[in-house]
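1. This is the structure alone, sequence omitted:
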(Lines give C-alpha, C1' and ligand atoms only; values in the text may rest on other atoms or scores of the structure.)
Protein backbone atom coordinates (compact mmCIF):
# COMPACT_ATOMS: atom_id res chain seq x y z
CA UNK A 1 0.00 0.00 0.00
CA UNK A 2 2.79 2.43 0.87
CA UNK A 3 4.33 1.92 -2.57
CA UNK A 4 1.26 3.62 -4.00
CA UNK A 5 0.62 6.33 -1.44
CA UNK A 6 3.57 8.58 -2.13
CA UNK A 7 3.29 12.08 -3.52
CA UNK A 8 4.95 11.31 -6.85
CA UNK A 9 2.57 8.51 -7.77
CA UNK A 10 -0.45 10.43 -6.52
CA UNK A 11 0.56 13.32 -8.76
CA UNK A 12 1.11 11.02 -11.73
CA UNK A 13 -2.25 9.31 -11.26
CA UNK A 14 -3.96 12.69 -10.89
CA UNK A 15 -2.49 14.10 -14.11
CA UNK A 16 -3.40 10.98 -16.10
CA UNK A 17 -6.88 10.85 -14.62
CA UNK A 18 -7.64 14.55 -14.98
CA UNK A 19 -6.90 14.47 -18.71
CA UNK A 20 -9.29 11.60 -19.21
CA UNK A 21 -11.89 13.40 -17.11
CA UNK A 22 -11.69 16.46 -19.33
CA UNK A 23 -12.05 14.37 -22.46
CA UNK A 24 -15.12 12.67 -20.99
CA UNK A 25 -16.45 16.14 -20.21
CA UNK A 26 -16.07 17.11 -23.86
CA UNK A 27 -17.83 13.98 -25.10
CA UNK A 28 -20.60 14.31 -22.49
CA UNK A 29 -21.22 17.95 -23.45
CA UNK A 30 -21.94 16.84 -27.00
CA UNK A 31 -24.53 14.30 -25.86
CA UNK A 32 -26.12 16.67 -23.33
CA UNK A 33 -26.47 19.46 -25.89
CA UNK A 34 -27.43 17.14 -28.76
CA UNK A 35 -30.78 18.90 -29.23
CA UNK A 36 -29.06 22.32 -29.51
CA UNK A 37 -26.34 20.98 -31.81
CA UNK A 38 -28.95 19.29 -33.98
CA UNK A 39 -30.81 22.59 -34.39
CA UNK A 40 -27.59 24.45 -35.23
CA UNK A 41 -26.11 22.07 -37.79
CA UNK A 42 -28.92 19.72 -38.88
CA UNK A 43 -32.03 21.88 -39.22
CA UNK A 44 -35.18 19.93 -40.02
CA UNK A 45 -38.92 20.30 -39.62
CA UNK A 46 -38.75 17.04 -37.67
CA UNK A 47 -36.98 17.17 -34.30
CA UNK A 48 -36.45 13.41 -34.54
CA UNK A 49 -34.51 13.73 -37.81
CA UNK A 50 -32.44 16.60 -36.39
CA UNK A 51 -31.67 14.68 -33.19
CA UNK A 52 -30.80 11.43 -34.96
CA UNK A 53 -28.47 13.40 -37.27
CA UNK A 54 -26.76 14.94 -34.25
CA UNK A 55 -26.25 11.52 -32.69
CA UNK A 56 -24.90 10.23 -36.00
CA UNK A 57 -22.17 12.86 -35.69
CA UNK A 58 -21.79 11.89 -32.02
CA UNK A 59 -21.25 8.31 -33.23
CA UNK A 60 -18.67 9.49 -35.77
CA UNK A 61 -16.44 10.56 -32.89
CA UNK A 62 -16.65 7.06 -31.46
CA UNK A 63 -16.12 5.45 -34.85
CA UNK A 64 -12.96 7.53 -35.25
CA UNK A 65 -11.56 6.26 -31.97
CA UNK A 66 -10.01 3.07 -33.42
CA UNK A 67 -8.01 5.27 -35.82
CA UNK A 68 -6.73 7.25 -32.86
CA UNK A 69 -6.07 4.04 -31.00
CA UNK A 70 -3.93 2.69 -33.85
CA UNK A 71 -1.97 5.95 -34.13
CA UNK A 72 -1.37 6.64 -30.45
CA UNK A 73 -0.83 3.01 -29.41
CA UNK A 74 1.80 2.71 -32.15
CA UNK A 75 3.53 5.77 -30.70
CA UNK A 76 3.05 4.49 -27.14
CA UNK A 77 4.41 0.98 -27.77
CA UNK A 78 7.31 2.23 -29.93
CA UNK A 79 8.36 5.52 -28.36
CA UNK A 80 6.82 5.51 -24.91
CA UNK A 81 3.50 6.16 -23.18
CA UNK A 82 4.40 9.73 -22.17
CA UNK A 83 4.77 11.13 -25.70
CA UNK A 84 1.41 9.84 -26.84
CA UNK A 85 -0.29 11.54 -23.87
CA UNK A 86 0.98 15.01 -24.66
CA UNK A 87 -0.18 14.74 -28.26
CA UNK A 88 -3.64 13.31 -27.57
CA UNK A 89 -4.70 15.89 -24.97
CA UNK A 90 -3.45 18.81 -27.08
CA UNK A 91 -5.38 17.63 -30.15
CA UNK A 92 -8.52 17.12 -28.05
CA UNK A 93 -8.31 20.63 -26.57
CA UNK A 94 -7.73 22.36 -29.90
CA UNK A 95 -10.50 20.51 -31.75
CA UNK A 96 -12.97 21.20 -28.94
CA UNK A 97 -12.11 24.91 -28.97
CA UNK A 98 -12.58 25.12 -32.73
CA UNK A 99 -15.96 23.35 -32.52
CA UNK A 100 -17.20 26.13 -30.24
CA UNK A 101 -16.68 28.72 -32.98
CA UNK A 102 -18.05 26.93 -36.05
CA UNK A 103 -20.83 29.02 -37.69
CA UNK A 104 -24.28 27.43 -37.88
CA UNK A 105 -25.96 25.87 -40.89
CA UNK A 106 -28.15 28.96 -41.17
CA UNK A 107 -25.03 31.13 -41.55
CA UNK A 108 -22.83 29.22 -44.03
CA UNK A 109 -24.95 26.25 -45.08
CA UNK A 110 -23.67 22.69 -45.49
CA UNK A 111 -20.09 23.85 -44.94
CA UNK A 112 -20.90 24.33 -41.26
CA UNK A 113 -22.11 20.75 -40.96
CA UNK A 114 -19.02 19.34 -42.71
CA UNK A 115 -16.58 21.43 -40.65
CA UNK A 116 -18.29 20.41 -37.41
CA UNK A 117 -18.23 16.74 -38.48
CA UNK A 118 -14.51 16.88 -39.30
CA UNK A 119 -13.69 18.44 -35.93
CA UNK A 120 -15.80 15.81 -34.19
CA UNK A 121 -13.83 13.07 -35.95
CA UNK A 122 -10.54 14.68 -34.89
CA UNK A 123 -11.87 14.87 -31.34
CA UNK A 124 -12.67 11.15 -31.49
CA UNK A 125 -9.20 10.31 -32.81
CA UNK A 126 -7.63 12.09 -29.83
CA UNK A 127 -9.86 10.28 -27.35
CA UNK A 128 -8.94 6.98 -28.99
CA UNK A 129 -5.41 7.42 -27.68
CA UNK A 130 -6.18 9.09 -24.36
CA UNK A 131 -8.29 6.55 -22.48
CA UNK A 132 -6.40 3.32 -23.39
CA UNK A 133 -3.18 5.22 -22.73
CA UNK A 134 -4.41 6.20 -19.28
CA UNK A 135 -5.29 2.59 -18.47
CA UNK A 136 -1.93 1.32 -19.72
CA UNK A 137 0.05 4.02 -17.94
CA UNK A 138 -1.45 3.63 -14.48
CA UNK A 139 -1.51 -0.18 -14.58
CA UNK A 140 2.20 -0.18 -15.44
CA UNK A 141 3.13 2.58 -13.01
CA UNK A 142 1.11 1.55 -9.94
CA UNK A 143 1.78 -2.16 -10.30
CA UNK A 144 1.08 -3.06 -6.66
CA UNK A 145 -2.45 -1.54 -6.71
CA UNK A 146 -3.69 -1.49 -10.33
CA UNK A 147 -7.42 -1.65 -9.50
CA UNK A 148 -7.13 1.28 -7.09
CA UNK A 149 -5.28 3.25 -9.77
CA UNK A 150 -7.84 2.51 -12.48
CA UNK A 151 -10.63 3.21 -9.99
CA UNK A 152 -9.19 6.70 -9.52
CA UNK A 153 -8.86 7.13 -13.30
CA UNK A 154 -12.53 6.28 -13.80
CA UNK A 155 -13.49 8.43 -10.82
CA UNK A 156 -12.11 11.38 -12.77
CA UNK A 157 -13.96 10.22 -15.89
CA UNK A 158 -17.17 10.43 -13.86
CA UNK A 159 -16.12 13.84 -12.52
CA UNK A 160 -15.86 14.96 -16.15
CA UNK A 161 -19.44 13.82 -16.76
CA UNK A 162 -20.56 15.54 -13.53
CA UNK A 163 -18.92 18.78 -14.67
CA UNK A 164 -20.72 18.46 -17.99
CA UNK A 165 -24.10 17.99 -16.30
CA UNK A 166 -23.31 20.74 -13.80
CA UNK A 167 -22.32 23.09 -16.60
CA UNK A 168 -25.64 22.34 -18.29
CA UNK A 169 -27.55 23.07 -15.09
CA UNK A 170 -25.71 26.37 -14.46
CA UNK A 171 -26.12 27.55 -18.03
CA UNK A 172 -29.84 26.81 -17.89
CA UNK A 173 -30.07 29.13 -14.89
CA UNK A 174 -28.07 32.05 -16.28
CA UNK A 175 -28.89 32.02 -20.01
CA UNK A 176 -32.37 33.05 -21.15
CA UNK A 177 -34.23 30.25 -22.92
CA UNK A 178 -34.39 32.43 -26.08
CA UNK A 179 -30.61 32.16 -26.49
CA UNK A 180 -29.93 28.90 -24.70
CA UNK A 181 -29.84 26.56 -27.73
CA UNK A 182 -27.56 28.87 -29.71
CA UNK A 183 -25.11 29.94 -26.99
CA UNK A 184 -24.91 27.45 -24.10
CA UNK A 185 -23.15 24.57 -25.85
CA UNK A 186 -20.49 26.92 -27.24
CA UNK A 187 -19.63 28.21 -23.75
CA UNK A 188 -19.45 24.63 -22.48
CA UNK A 189 -17.03 23.63 -25.27
CA UNK A 190 -14.77 26.64 -24.62
CA UNK A 191 -14.58 25.76 -20.92
CA UNK A 192 -13.53 22.18 -21.76
CA UNK A 193 -10.80 23.29 -24.15
CA UNK A 194 -9.27 25.65 -21.55
CA UNK A 195 -9.09 22.82 -19.01
CA UNK A 196 -7.47 20.56 -21.63
CA UNK A 197 -4.74 23.09 -22.35
CA UNK A 198 -4.00 23.39 -18.62
CA UNK A 199 -3.60 19.60 -18.25
CA UNK A 200 -1.33 19.49 -21.33
CA UNK A 201 1.00 21.97 -19.67
CA UNK A 202 1.07 20.01 -16.40
CA UNK A 203 1.60 16.63 -18.11
CA UNK A 204 4.90 17.65 -19.65
CA UNK A 205 6.63 16.63 -16.39
CA UNK A 206 5.42 13.01 -16.47
CA UNK A 207 7.99 10.20 -16.51
CA UNK A 208 7.92 7.04 -18.59
CA UNK A 209 6.46 3.85 -17.06
CA UNK A 210 8.87 1.32 -15.45
CA UNK A 211 7.42 -1.53 -17.54
CA UNK A 212 8.16 0.23 -20.83
CA UNK A 213 11.66 1.22 -19.77
CA UNK A 214 12.47 -2.35 -18.73
CA UNK A 215 11.66 -3.90 -22.15
CA UNK A 216 13.23 -1.52 -24.65
CA UNK A 217 14.95 -4.51 -26.29
CA UNK A 218 11.51 -5.92 -27.20
CA UNK A 219 10.07 -2.91 -29.01
CA UNK A 220 8.11 -3.88 -32.13
CA UNK A 221 8.37 -1.88 -35.36
CA UNK A 222 4.68 -2.53 -36.01
CA UNK A 223 3.06 -3.29 -32.63
CA UNK A 224 -0.44 -3.71 -34.07
CA UNK A 225 0.68 -6.45 -36.47
CA UNK A 226 2.51 -8.21 -33.64
CA UNK A 227 -0.64 -7.98 -31.51
CA UNK A 228 -2.92 -9.49 -34.16
CA UNK A 229 -0.37 -12.20 -34.97
CA UNK A 230 0.28 -13.27 -31.39
CA UNK A 231 -3.00 -12.56 -29.55
CA UNK A 232 -6.02 -12.68 -31.94
CA UNK A 233 -8.22 -14.57 -29.47
CA UNK A 234 -7.67 -12.09 -26.66
CA UNK A 235 -8.29 -9.17 -29.02
CA UNK A 236 -11.76 -10.60 -29.71
CA UNK A 237 -12.32 -11.44 -26.05
CA UNK A 238 -11.18 -8.00 -24.89
CA UNK A 239 -13.46 -6.25 -27.38
CA UNK A 240 -16.44 -8.20 -26.05
CA UNK A 241 -15.43 -7.57 -22.43
CA UNK A 242 -15.48 -3.80 -22.98
CA UNK A 243 -18.88 -3.91 -24.78
CA UNK A 244 -20.91 -3.73 -21.57
CA UNK A 245 -19.13 -0.76 -20.00
CA UNK A 246 -19.19 1.04 -23.36
CA UNK A 247 -22.96 0.77 -23.69
CA UNK A 248 -23.59 1.46 -19.99
CA UNK A 249 -21.44 4.60 -20.06
CA UNK A 250 -23.21 5.79 -23.19
CA UNK A 251 -26.78 4.93 -22.12
CA UNK A 252 -26.59 5.61 -18.40
CA UNK A 253 -24.57 8.82 -18.41
CA UNK A 254 -24.05 10.42 -21.83
CA UNK A 255 -27.51 9.73 -23.28
CA UNK A 256 -29.60 10.06 -20.14
CA UNK A 257 -30.32 13.80 -20.39
CA UNK A 258 -31.55 13.48 -23.98
CA UNK A 259 -33.47 10.28 -23.14
CA UNK A 260 -35.41 11.98 -20.35
CA UNK A 261 -36.24 14.87 -22.69
CA UNK A 262 -37.91 12.34 -24.99
CA UNK A 263 -40.14 11.03 -22.19
CA UNK A 264 -43.21 13.20 -21.47
CA UNK A 265 -43.52 15.13 -18.21
CA UNK A 266 -39.84 15.51 -17.27
CA UNK A 267 -38.95 19.19 -16.78
CA UNK A 268 -35.46 20.47 -17.59
CA UNK A 269 -34.74 21.15 -13.90
CA UNK A 270 -35.94 17.69 -12.88
CA UNK A 271 -33.72 16.16 -15.54
CA UNK A 272 -30.68 18.08 -14.34
CA UNK A 273 -31.33 17.07 -10.71
CA UNK A 274 -32.02 13.44 -11.56
CA UNK A 275 -28.88 12.97 -13.66
CA UNK A 276 -26.45 14.83 -11.39
CA UNK A 277 -27.34 13.41 -7.96
CA UNK A 278 -26.50 9.71 -8.64
CA UNK A 279 -23.35 10.79 -10.46
CA UNK A 280 -22.13 12.58 -7.35
CA UNK A 281 -21.45 9.25 -5.62
CA UNK A 282 -19.55 7.77 -8.55
CA UNK A 283 -16.08 9.30 -7.94
CA UNK A 284 -16.05 8.14 -4.30
CA UNK A 285 -17.51 4.75 -5.18
CA UNK A 286 -15.01 4.15 -8.01
CA UNK A 287 -12.11 4.91 -5.70
CA UNK A 288 -13.45 2.79 -2.83
CA UNK A 289 -14.21 -0.21 -5.02
CA UNK A 290 -10.92 0.18 -6.85
CA UNK A 291 -9.26 -0.26 -3.45
CA UNK A 292 -11.39 -3.34 -2.68
CA UNK A 293 -10.98 -4.95 -6.12
CA UNK A 294 -7.23 -5.41 -5.64
CA UNK A 295 -8.17 -8.09 -3.08
CA UNK A 296 -10.87 -9.82 -5.17
CA UNK A 297 -10.80 -12.36 -8.04
CA UNK A 298 -11.42 -9.78 -10.77
CA UNK A 299 -12.89 -11.98 -13.50
CA UNK A 300 -15.37 -13.74 -11.21
CA UNK A 301 -16.59 -10.51 -9.63
CA UNK A 302 -16.86 -8.85 -13.05
CA UNK A 303 -19.00 -11.73 -14.28
CA UNK A 304 -21.28 -11.38 -11.25
CA UNK A 305 -21.70 -7.63 -11.84
CA UNK A 306 -22.61 -8.28 -15.48
CA UNK A 307 -25.40 -10.62 -14.38
CA UNK A 308 -26.68 -8.05 -11.87
CA UNK A 309 -26.69 -5.37 -14.59
CA UNK A 310 -28.83 -7.62 -16.79
CA UNK A 311 -31.36 -7.95 -13.99
CA UNK A 312 -31.39 -4.24 -13.11
CA UNK A 313 -31.45 -2.57 -16.57
CA UNK A 314 -35.10 -3.39 -17.30
CA UNK A 315 -36.14 -2.27 -13.82
CA UNK A 316 -34.39 1.08 -14.28
CA UNK A 317 -35.85 2.04 -17.64
CA UNK A 318 -39.30 0.75 -16.83
CA UNK A 319 -39.23 2.96 -13.71
CA UNK A 320 -38.13 5.96 -15.76
CA UNK A 321 -40.98 5.48 -18.23
CA UNK A 322 -43.59 5.15 -15.48
CA UNK A 323 -42.08 7.94 -13.28
CA UNK A 324 -41.97 5.40 -10.46
CA UNK A 325 -39.07 5.72 -7.97
CA UNK A 326 -36.38 5.47 -10.65
CA UNK A 327 -33.63 6.91 -8.42
CA UNK A 328 -33.21 3.58 -6.60
CA UNK A 329 -32.37 1.41 -9.65
CA UNK A 330 -30.31 4.31 -11.06
CA UNK A 331 -28.22 4.42 -7.87
CA UNK A 332 -27.83 0.65 -8.03
CA UNK A 333 -26.56 0.69 -11.63
CA UNK A 334 -24.19 3.56 -10.83
CA UNK A 335 -22.93 1.42 -7.94
CA UNK A 336 -22.36 -1.53 -10.31
CA UNK A 337 -20.53 0.73 -12.75
CA UNK A 338 -18.14 1.91 -10.05
CA UNK A 339 -17.20 -1.69 -9.27
CA UNK A 340 -16.63 -2.44 -12.97
CA UNK A 341 -14.24 0.54 -13.18
CA UNK A 342 -11.76 -1.22 -10.88
CA UNK A 343 -12.12 -4.57 -12.62
CA UNK A 344 -12.27 -4.54 -16.40
CA UNK A 345 -9.35 -2.14 -17.16
CA UNK A 346 -6.92 -4.36 -15.22
CA UNK A 347 -8.38 -7.55 -16.71
CA UNK A 348 -7.97 -6.02 -20.17
CA UNK A 349 -4.42 -4.67 -19.67
CA UNK A 350 -3.17 -7.93 -18.16
CA UNK A 351 -4.34 -9.88 -21.21
CA UNK A 352 -1.39 -8.50 -23.22
CA UNK A 353 2.40 -8.34 -22.64
CA UNK A 354 4.20 -5.01 -22.30
CA UNK A 355 5.46 -4.74 -25.90
CA UNK A 356 1.88 -4.75 -27.26
CA UNK A 357 -0.10 -3.76 -24.15
CA UNK A 358 -0.99 -0.25 -25.32
CA UNK A 359 -1.97 -1.60 -28.75
CA UNK A 360 -4.02 -4.43 -27.24
CA UNK A 361 -5.82 -2.20 -24.78
CA UNK A 362 -6.46 0.51 -27.40
CA UNK A 363 -7.69 -1.92 -30.06
CA UNK A 364 -10.18 -3.67 -27.79
CA UNK A 365 -11.30 -0.53 -26.02
CA UNK A 366 -11.78 1.65 -29.09
CA UNK A 367 -13.43 -0.90 -31.36
CA UNK A 368 -15.87 -1.75 -28.61
CA UNK A 369 -16.62 1.87 -27.78
CA UNK A 370 -17.01 2.70 -31.48
CA UNK A 371 -19.61 -0.03 -31.96
CA UNK A 372 -21.37 -0.34 -28.62
CA UNK A 373 -20.80 3.13 -27.18
CA UNK A 374 -20.98 5.33 -30.25
CA UNK A 375 -23.93 3.73 -32.01
CA UNK A 376 -26.08 3.10 -28.93
CA UNK A 377 -27.61 6.61 -28.60
CA UNK A 378 -28.48 6.74 -32.30
CA UNK A 379 -29.99 3.23 -32.24
CA UNK A 380 -31.92 3.96 -29.03
CA UNK A 381 -33.22 7.25 -30.45
CA UNK A 382 -34.32 5.52 -33.65
CA UNK A 383 -36.33 2.85 -31.82
CA UNK A 384 -37.86 5.41 -29.47
CA UNK A 385 -38.87 7.84 -32.22
CA UNK A 386 -39.86 5.26 -34.85
CA UNK A 387 -41.36 2.47 -32.75
CA UNK A 388 -42.13 4.11 -29.42
CA UNK A 389 -39.88 1.61 -27.65
CA UNK A 390 -38.67 3.55 -24.61
CA UNK A 391 -37.08 0.36 -23.27
CA UNK A 392 -34.51 0.36 -26.10
CA UNK A 393 -31.63 1.46 -23.80
CA UNK A 394 -32.39 -1.46 -21.46
CA UNK A 395 -32.23 -3.99 -24.31
CA UNK A 396 -28.93 -2.51 -25.48
CA UNK A 397 -27.40 -2.86 -22.00
CA UNK A 398 -28.70 -6.42 -21.58
CA UNK A 399 -27.33 -7.57 -24.95
CA UNK A 400 -23.89 -6.04 -24.38
CA UNK A 401 -23.63 -7.53 -20.88
CA UNK A 402 -24.27 -10.96 -22.41
CA UNK A 403 -21.52 -10.27 -24.96
CA UNK A 404 -19.11 -9.35 -22.15
CA UNK A 405 -19.89 -12.61 -20.38
CA UNK A 406 -18.98 -14.39 -23.62
CA UNK A 407 -15.73 -12.41 -23.77
CA UNK A 408 -14.77 -13.50 -20.26
CA UNK A 409 -15.51 -17.12 -21.19
CA UNK A 410 -13.29 -17.17 -24.29
CA UNK A 411 -10.41 -15.05 -22.92
CA UNK A 412 -7.14 -16.95 -22.88
CA UNK A 413 -5.18 -16.76 -19.64
CA UNK A 414 -1.93 -14.87 -20.32
CA UNK A 415 1.33 -16.74 -20.04
CA UNK A 416 3.30 -13.59 -19.27
CA UNK A 417 3.63 -11.06 -16.42
CA UNK A 418 0.05 -11.72 -15.30
CA UNK A 419 0.38 -9.34 -12.40
CA UNK A 420 2.73 -6.94 -14.17
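-> Okay, I see it. Values in this document were obtained by computation on a predicted structure and should not be read as measured data. Residues are numbered from 1 along each chain as shown.
2. going forward, measure contacts between C-alpha atoms and count neighbours the same way
-> Will do.
3. Look at residue 415 and report its pLDDT.
-> pLDDT for residue 415: 55.
4. again but with residue 161, I slipped
-> Per-residue confidence (pLDDT) for residue 161: 81.
5. Low-confidence stretches in the chain?
-> 1-8, 45-47, 215-218, 220, 414-420 (pLDDT under 70).
6. top helix in it by residue count?
-> When the chain is parsed with DSSP state H, its longest helix is helix 110-141.
7. Buried residues, that one. List them.
-> 112-113, 115-141 (16 or more other CA atoms under 10 Å).
8. cool, and stretch 38-55?
-> 38-43, 48-55.
9. now do the same end-to-end measure for it.
-> Using CA to CA, to the nearest Å, one end of stretch 38-55 lies 8 Å from the other.
10. Tabulate the buried residues of stretch 38-55 (TSV), appending distance to residue 313 and secondary structure.
-> Formatted as TSV, these follow (distance: CA to CA, whole Å; DSSP: H, G, I helix; E, B strand; the rest coil):
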residue	distance to residue 313	secondary structure
38	28	helix
39	31	helix
40	33	helix
41	33	helix
42	32	coil
43	33	coil
48	25	helix
49	27	helix
50	28	helix
51	24	helix
52	23	helix
53	26	helix
54	25	helix
55	22	helix
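11. For those residues, give me JSON lines that also has distance to residue 408.
-> Listed next are the buried residues of stretch 38-55 as JSON lines, based on distance: CA to CA, whole Å:
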{"residue": "38", "distance to residue 408": "38"}
{"residue": "39", "distance to residue 408": "42"}
{"residue": "40", "distance to residue 408": "43"}
{"residue": "41", "distance to residue 408": "41"}
{"residue": "42", "distance to residue 408": "41"}
{"residue": "43", "distance to residue 408": "44"}
{"residue": "48", "distance to residue 408": "37"}
{"residue": "49", "distance to residue 408": "38"}
{"residue": "50", "distance to residue 408": "38"}
{"residue": "51", "distance to residue 408": "35"}
{"residue": "52", "distance to residue 408": "33"}
{"residue": "53", "distance to residue 408": "35"}
{"residue": "54", "distance to residue 408": "34"}
{"residue": "55", "distance to residue 408": "30"}
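12. Looking at those residues, which is nearest residue 108?
-> Distances from residue 108 to the buried residues of stretch 38-55, taken as CA to CA, are shortest for residue 41 (10.0 Å).
13. The closest one and residue 112: what is the separation?
-> Residue 41 is 7 Å from residue 112, where distance means CA to CA.
14. what is in contact with these two at once?
-> 104, 105 (CA atoms under 8 Å, 6 or more residues apart in numbering).
15. so what's residue 241 closest to, chain neighbours aside?
-> Leaving aside its sequence neighbours, residue 241 sits nearest to residue 404 (CA to CA, 6 or more residues apart in numbering; 4.1 Å).
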